[in-house]
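*Asks:* model the structure of this input:
(2 chains)
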Number of protein chains: 2
Amino acid sequence: MTTARTTTLNPGSDLSQVLELAQQLRVDSVRASTTAGSGHPTSSLSAADLMAVLMTRHLRYDWEAPDNPEGDHLIFSKGHASPLLYAMFKAAGVVSDDELMTTYRRFGHRLQGHPTPVLPWVDVATGSLGQGIAYGVGIALAGRDLERRPYRVWVLCGDSEMAEGSVWEALDKAGHHRLANFTALIDVNRLGQRGPTELEWDTGAYARRVEAFGCRAIVIDGHDLQAIDQALATATDGQAPTVIVAKTVKGRGAAEVADKEGWHGKALPEDMADRAVAALGGIRHLRVRGPQPPAPTPTPAPDVRPVELPRFDVGDKVATRAAFGAALAALGARPDVVALDAEVGNSTYAENFAKAHPERYFQNYIAEQQMIAEAVGMAVRGYRPYATTFAAFLTRAHDFIRMAAVSQITMALCGTHSGVEIGADGPSQMGVEDLAMMRAIRGSTVLYPSDATSAAALTATMADLDGISYLRTTRGAYPVLYPSDETFPVGGSKTLRHSEHDQVTLIGAGVTLHECLTAAEHLAADGIQARVVDLYSIKPIDTATLARAARETGALVVVEDHHPEGGMGEAVLSALSATGAQPAFAHLAVTDLPGSGTTSELIDAAGISHAHIAQAARALLRH
Amino acid sequence: MTTARTTTLNPGSDLSQVLELAQQLRVDSVRASTTAGSGHPTSSLSAADLMAVLMTRHLRYDWEAPDNPEGDHLIFSKGHASPLLYAMFKAAGVVSDDELMTTYRRFGHRLQGHPTPVLPWVDVATGSLGQGIAYGVGIALAGRDLERRPYRVWVLCGDSEMAEGSVWEALDKAGHHRLANFTALIDVNRLGQRGPTELEWDTGAYARRVEAFGCRAIVIDGHDLQAIDQALATATDGQAPTVIVAKTVKGRGAAEVADKEGWHGKALPEDMADRAVAALGGIRHLRVRGPQPPAPTPTPAPDVRPVELPRFDVGDKVATRAAFGAALAALGARPDVVALDAEVGNSTYAENFAKAHPERYFQNYIAEQQMIAEAVGMAVRGYRPYATTFAAFLTRAHDFIRMAAVSQITMALCGTHSGVEIGADGPSQMGVEDLAMMRAIRGSTVLYPSDATSAAALTATMADLDGISYLRTTRGAYPVLYPSDETFPVGGSKTLRHSEHDQVTLIGAGVTLHECLTAAEHLAADGIQARVVDLYSIKPIDTATLARAARETGALVVVEDHHPEGGMGEAVLSALSATGAQPAFAHLAVTDLPGSGTTSELIDAAGISHAHIAQAARALLRH
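*Replies:* Okay, here's the model as predicted:
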C-alpha cells in the first residue's frame, strides 16, 4: 500500500491533478470489487475520466448537504458502475476507504451492487438499464418549470443501454422541452455484457440520433481530460439539452482486461488487481471539493388553498374516471400536486387538471415509460405526481413502476378503462392484468372505487399515502352510491346490503359491484338474503369485514372484471387464509378472450354479470 | 344510395381509378363507423390514399389464399384505423358490404374495434400503439433469414405512436439487419387523440430520426397518388429498410372534420356522414386484384434430427438456468425452434443455442420489447421462439406479452435470476413480480423447475405447448433431484417426501424447494413428519395433489422467492378454493425490500429459508 496523500482538489485544480483523481477512482473501483468478489470494475474504469472532471469542475454539489435544493443531480444510469460511484463518494469524503473496502455488496450495508436511494447522494435506484435519462428529464423539468432553481442534471449512461427505446422517449422529451439544464454522458466503451455493442465505437451514429431527437451532441475522446472539460463547459452554456458521446475503453487503465471481451461484471482476481493498482499509481486518498451550489434560497410559502372535492348526488350516473378527473383538478389547490398524461387526458379526464393548472400538467404524448419516469423525477423533488393512462397501457411501464418501488418513490397512478366493461374497442384496450401487476409492486396501495363519491375521495387520499398507489377506474357511468360526506379509509370496505340472515356475501368493485347489487335484488326476490361488500381497497384489504362475512354468511362470491390471477379473488383468499375463516367460495373473473360488443354483452359473456353472480350464489348455497 | 359499380382494379389500373378506390375506402370507413356508432373514421381517411395505392399496385397478396407463404404481410400498427382496414377487405372481396355495415364493432363478430387474428388477413392484434413496426421487423427477419422467401412486410403507423420508444427499438433493428423487405408508412396527420401531436407536420424531423436509426426515409404528400406510387416502388428496390413519411390530413375528404381537433375516435353523426359520403362521390363497390404473390414453393422437408436432452446426475449441483440453456441448444435439432436474446445470453445460457445454431439466434441487444415483438413475428410465421432475459427485465415487455396473448401467439419465455436468491447484485436485478405478471397473461403456462432435470424436460415441453409459456429459472446451482428419465407433465407436481403420518406439507419451487427439503429434515429430527411438494407447474396447477395434501396433512406451508401477491401462494389458494379443502395455511414470501448479500443471507432475511419454513410449520401445528 502506498502512502496516503491528503491533497484536496477544487475547481481550480489543474488537469494533471484531475488525472490523479481519475486514477484514484480506477484504483478504488478495482479494489472495491476485488475485495467484494463481484462487481463491474471494467465498466467503472471506462468512465473514470468523465467523472473525475465532472466532480472536480462542473458538478455543483455539496456532498455534506445533499438536501440543498440548489445542488445538481447526478444519476448513474449505468448502475452497475457502482464501484466508480462509490469511489467518487470516497473522494468526496462522505464514504471512508474502510466502508468501501469492507462493505461493498455485503449484506446489511448501503453500498449495494447497484445504487439505491438508501444512500443520501442517490436520487433513484438504477440497474434496470435505459432508465436514468428518463428520470433525469423528470428532475430537470421539475427544476426548471416547477422549482425554478438553477440546478443541473447529469446522467451517466452506458452505450449498451442506448438500445432501449425508453432512452429515445426520454431524449425526445429533453429536446421537446429544450431542457438546457440536462446533460447526459454516454460512456461508449464498445463492449456490452456478452460482447460488442450494436454500434461499437460508431460515435457518429449516436450523435446523429441524439441530434435527430432534438438534443445537442458533442463527440469526444472520453479519456482526454481537456476535451471532457470543454464538453462539460459547453453543456452548461444554457443553450440546449446536451449529450456528450464519449469514446472510451472498457477496463481503461487495467491493461490485462482493457478492451477485452469476457470481463463484464467480473471482479479482477487479486493478482491482476494488484498489478492494475500498481500500474495505476497505487492507492491514493485525494479529496475533492468541487463547485458549490448557492446557499439554499428560502422556499416561498406555498400558495395553499383549500381542496374542495367535487360532490355528487346519490343515484346520478357518473363514471369513476370522470370523478377522478374532477377530484384531481380540485387537488391542484395543493401546490405540490402535478399531473402527467400520455396523450389520453380526454379519456382519463386528467385533462381537467390541465385546464385548471396548466403549469403543473405534463404532456408526454404516447410514451408511458417516460410518463412514469418523469413522475419519479418529480417525486424525487418532493412533488406528488399523478400519472394516468388506460390500465392496459400502464403495463408498458411495468419495469419503471417496479424500479420506482426499489427507489421507494411516492406517486399516484390511475388506470382507466379497466376490464371488458369498456365495450366496443375490444381486448387491446381492456385492462385485465393491472390488479395483478399493481398488487405485486412492493409497498403498493391498490384502490378500486365503484362510484364517483368514493373515486373522488380516494383520489384525494392518494395525495397523502406513502409509496406507489394505484386507482383503478371504469369507463362507463354508474349510479353514485354514497353521499359526499362518506369517508373511505384505505384498507376499509363498505357493506352496502346486509341483514341478520344473510346466506351469502357478494363481493365486487367497479362495475361488478353494481352487478352484485342487482344480483342481490334478484336473490332477495327468491328469498335468498345476500350481503354485498364494496371492496374499494384491494391492498390493503379489509380482512376483518371479509372474515366476518365468511363467518356470518358462510359463502362468498368474489366477482372481478379482471383475469382470475392476482386480482380481487386471490386478494380475498390471501386475506382469509390468515384468519382461519373457511367459507364456501366462488370466484367469477374474465377467462376467455373478449371481443367487441356493448358493456352488458361483454360483462355477460365474461360470466361476471348479475345473472352469473346470482347463479354462483345459488350454486354455493345448494352445496 | 348510388348504383353499385363492379369495376375491378388491377396493378395496371391508372391512378384516376385508384383515386376512386381511395374514395370508396373513405366512404366505407365513414359508413361503417357511423352505423356502428363508434370508431375512428378520421384516422382512416388520412391513410386511404396510401392504402389504395398499396393494395392496387404493390401489396403482393392473394386475399383468397392468405396462407400462401409467399404473400406479403400488412400490419395496421394504428389498429384504431380498423374501418379503413375493413374497407380494404371489402374492396378485396373477402368481406361483404353487408358484413361491414352490420357487424363492425358488434358483439360476437370478427370485425372488432381493433383488428385481431380472428381475421385470416390479420397477423397480429394491434391497438396498443407503437407495436406494429416491431412485429413487422420480426416477420421480415423470419422471411429473409429463416424462410428465405421474397415476401415484403408493410406496416401502417400513426404519427402519435412514433413517441413510443418501442418504435425506435424496432427501427434500429430494421436498420441493423438491413431489412430491405421492410417498409413502414407513417401517416403524419398531425392530430392525436387529444390535440396536435408532438411533431405535428414536421416530416423532416421524422425523416432525420428514421435516417439516424439506419433506415431510408422518403417524405411525401400522402394524398399525392403519384408520389405514393413512386415511394412504394422505391421501397421495393431491395436496397434498404424504408420508412415513408407521408404528410396527410386527418379526416381528409370529410370537410366538416378535416384537420379539426375533437374528432379523434368519433363516428360522424348520420347527417354529417351523409354529406361526407355525397362529397366523396357516393357509395361504390370497386374490387381490387392487386399484384399476386408467386405460387407457393414446396417447403423443403425439414432437417429434423432427434432432440437429445442433456442428462444430469442426481446430486450434482447445476443451475436451472444452465439446464435451460443446454436443453434449448439441444432443442435446436428441431428446425422450427429459434432463440432470441436481449444481450444477456451469457447469463441466461441462451448463448448455448447461439453456439449450436447461430443461424436461428437473434441478438436484440438491450431491447426487451423488441425481443418479444420479434418472437411474435417469428411465431406468426410458424416458428417456435424462445425469448429469454432476466425475469425482472421481462417486465419491460409486459405490454407486448399482453398483446401477444390477444394475438393468440404461441411462444416460450424464460426469465432467469428470479428472486432474492441472486445475491449481491441487489433488488434491481431480482425478479419478484414475474409470477404475478405471467400468471395473469391469458392462456399462459407458468413453470418453475427446482432442478436441472426438470428444467431441461420442461424447456423441451414448452416447444409443444400452445399459447405463451413461461419458465422461471434460478441463478445458483442446486442439487439435481431427479433422474434423467423422470417426466414432468404440465399441471403436475412431484411429492419428494411423504409418509403415512405427514402432519404438514411444505410446498416450494426453485430455491425454496431446496429450503423445504432441508426444513423437512429438521422437522423430522424433532419428530414432525413433513410432506414436501415440488410445485414445478404453477399454471396449470396440480389441484388434486394439493387437495390431497390438504386433506391428509391438514396444514400447508407455501414458500416462494417472489412477492406474496399473484405468485405460488395465491395460486395454491385459488386451486384449493374450488375443492372445499380448508387446511391451516402459512405463506412465506418476499415482502421487505432486499439489498445486497449472499444468497443464504438474503433468503434468510426474506423469511423464506429452511429455518423460517420449519418455524411456520411448527406454528401451524401448534394451532
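*Asks:* quick check, residue A:426 in contact with residue A:595.
*Replies:* Yes - using CB atoms under 8 Å, residue A:426 is in contact with residue A:595, at 6.0 Å. The C-beta positions use only the backbone N, C-alpha and C, and glycine is treated the same way.
*Asks:* shared neighbours, the two?
*Replies:* Listed as contacting both residue A:426 and residue A:595 by CB atoms under 8 Å, 6 or more residues apart in numbering or on different chains are B:112, B:116.
*Asks:* compare the two (neighbour count), which wins?
*Replies:* Under the criterion of other CB atoms under 10 Å in any protein chain shown, the comparison of residue A:426 against residue A:595 puts residue A:426 first, with 26 against 23.
*Asks:* check what pLDDT that one gets.
*Replies:* If you check residue A:426, the pLDDT there is 96.
*Asks:* residue A:596 versus that one, what's the distance?
*Replies:* In this view, residue A:426 and residue A:596 are 5 Å apart by CB to CB, to the nearest Å.
*Asks:* the longest helix along chain A close to chain B?
*Replies:* Selection of the longest helix in chain A by residue count, based on DSSP state H, yields helix A:15-36. Yes - Helix A:15-36 reaches chain B (CB under 8 Å from any CB of the partner chain) through residue A:36.
*Asks:* and the residue lying closest to residue A:192 once chain neighbours are set aside, how many neighbours?
*Replies:* Spatial nearest neighbour of residue A:192, excluding adjacent residues (CB to CB, 6 or more residues apart in numbering or on different chains): residue A:160 at 3.9 Å. Residue A:160 has 28 neighbouring residues, counting by other CB under 10 Å.
*Asks:* can you check residue A:37 too?
*Replies:* Applying other CB under 10 Å, I find that residue A:37 has 13 neighbouring residues.
*Asks:* about what we covered before: now for residue A:426 and residue A:596: what residues contact both?
*Replies:* Joint contacts of residue A:426 and residue A:596 (CB under 8 Å, 6+ apart) are B:112-113.
*Asks:* three-state assignment of the residue most central in space within chain A?
*Replies:* Central residue of chain A (CA atoms, centre = their mean): residue A:404, 3.0 Å from the mean position. Classification of residue A:404 by DSSP: H, G, I helix; E, B strand; the rest coil places it in helix.
*Asks:* so what's it up against?
*Replies:* A:372, A:375-376, A:379, A:411, A:468.
*Asks:* sorry, back to before: for the helix or strand following the longest helix of chain A, buried residues please.
*Replies:* Using DSSP states H and E, the helix or strand that follows helix A:15-36 in sequence is helix A:41-45. Neighbour counts over helix A:41-45 (16 or more other CB atoms under 10 Å in any protein chain shown) mark A:41-45 as buried.
*Asks:* what about chain A, any weak spots by pLDDT?
*Replies:* A:1-5 (pLDDT under 70).
*Asks:* can you list the domains in it?
*Replies:* Domains of chain A are assigned by automatic domain parsing as A:8-288, A:317-479, A:494-622.
*Asks:* most neighbours per residue, which of the ones you listed?
*Replies:* Of the domains of chain A, the one with the most neighbours on average (mean count of other CB atoms under 10 Å in any protein chain shown) is domain A:317-479, at a mean of 25.
*Asks:* quick check on residue A:252: phi, psi?
*Replies:* The phi/psi pair for residue A:252 (degrees, to the nearest 10) reads phi -50, psi 130.
*Asks:* do you know how far the residue nearest to it when sequence neighbours are not counted is from residue B:10?
*Replies:* Excluding its sequence neighbours, the residue lying closest to residue A:252 (CB to CB, 6+ apart) is residue A:45, at 4.8 Å. Counting by CB to CB, the gap from residue A:45 to residue B:10 is 64 Å.
*Asks:* equivalent analysis for residue A:186, please.
*Replies:* 52 Å.
*Asks:* who are the contact partners of the residue of the stretch 301-450 of chain A found nearest chain B?
*Replies:* Of all residues in the stretch 301-450 of chain A, residue A:428 sits closest to chain B, at 2.7 Å by CB to the nearest CB. Counting by CB under 8 Å, 6+ apart, residue A:428 touches A:392, B:79, B:114, B:116, B:125-128, B:403, B:406.
*Asks:* how about the residues of the stretch 1-150 of chain A near chain B?
*Replies:* Residues of the stretch 1-150 of chain A lying near chain B by CB under 8 Å from any CB: A:36, A:38-39, A:79, A:105-114, A:116, A:118, A:125-130.
*Asks:* can you tell me which of these end up in helices?
*Replies:* When DSSP H defines the helices, the subset of the residues of the stretch 1-150 of chain A next to chain B inside them is residue A:36.
*Asks:* bridging residues for the closest residue in space to residue A:159 that isn't next to it in sequence?
*Replies:* Spatially, and ignoring its direct neighbours in sequence, residue A:159 is nearest to residue A:188 (4.5 Å; CB to CB, 6+ apart). Residues in a beta bridge with residue A:188, per DSSP bridges, are residue A:247.
*Asks:* thinking again about what came up before, elements contacting the longest helix of chain A?
*Replies:* strand A:8-9, helix A:41-45, helix A:48-53, helix A:82-92, helix A:97-103, helix A:225-235, helix A:270-279 (3 or more CB pairs under 8 Å, 6 or more residues apart in numbering or on different chains; DSSP states H and E).
*Asks:* go again using 10 Å as the cut-off
*Replies:* strand A:8-9, helix A:41-45, helix A:48-53, helix A:82-92, helix A:97-103, helix A:225-235, helix A:270-279, strand A:287-288 (3 or more CB pairs under 10 Å, 6 or more residues apart in numbering or on different chains; DSSP states H and E).
*Asks:* figure out which of those is closest to residue B:195.
*Replies:* helix A:225-235 (32.6 Å; CB to CB).
*Asks:* show me how far the closest one is from its chain's centre.
*Replies:* Centroid displacement of helix A:225-235 relative to its chain, using CA atoms, centre = their mean, to the nearest Å, is 32 Å.
*Asks:* if I pick residue A:91, what's in contact with it?
*Replies:* Applying CB atoms under 10 Å, 6 or more residues apart in numbering or on different chains, one finds that residue A:91 lies in contact with A:8-9, A:21, A:24-25, A:28, A:51-52, A:55-56, A:63, A:284-290.
*Asks:* same question for residue A:400.
*Replies:* A:128, A:130-131, A:134-135, A:166, A:368-376, A:387, A:394, B:395-396.
*Asks:* swap the cut-off to 8 Å and go again
*Replies:* A:131, A:134, A:166, A:369, A:372-373, A:376 are the contacts of residue A:400 under CB under 8 Å, 6+ apart.
*Asks:* flag every residue of the stretch 351-500 of chain A that's near chain B.
*Replies:* Contact residues, the stretch 351-500 of chain A versus chain B (CB under 8 Å from any CB): A:351, A:364-367, A:369-370, A:392-393, A:395-396, A:398-399, A:402-403, A:405-406, A:408, A:424-429, A:432-433, A:436-437, A:439-443.
*Asks:* any idea what the nearest residue to residue A:612 once chain neighbours are set aside is bridged to?
*Replies:* Distances taken as CB to CB, 6+ apart place residue A:588 nearest to residue A:612, at 5.8 Å, with adjacent residues excluded. Per DSSP bridges, the residues bridged to residue A:588 are residue A:559.
*Asks:* residue A:412 now?
*Replies:* Here residue A:412, judged by DSSP bridges, has bridge partners residue A:386, residue A:469.
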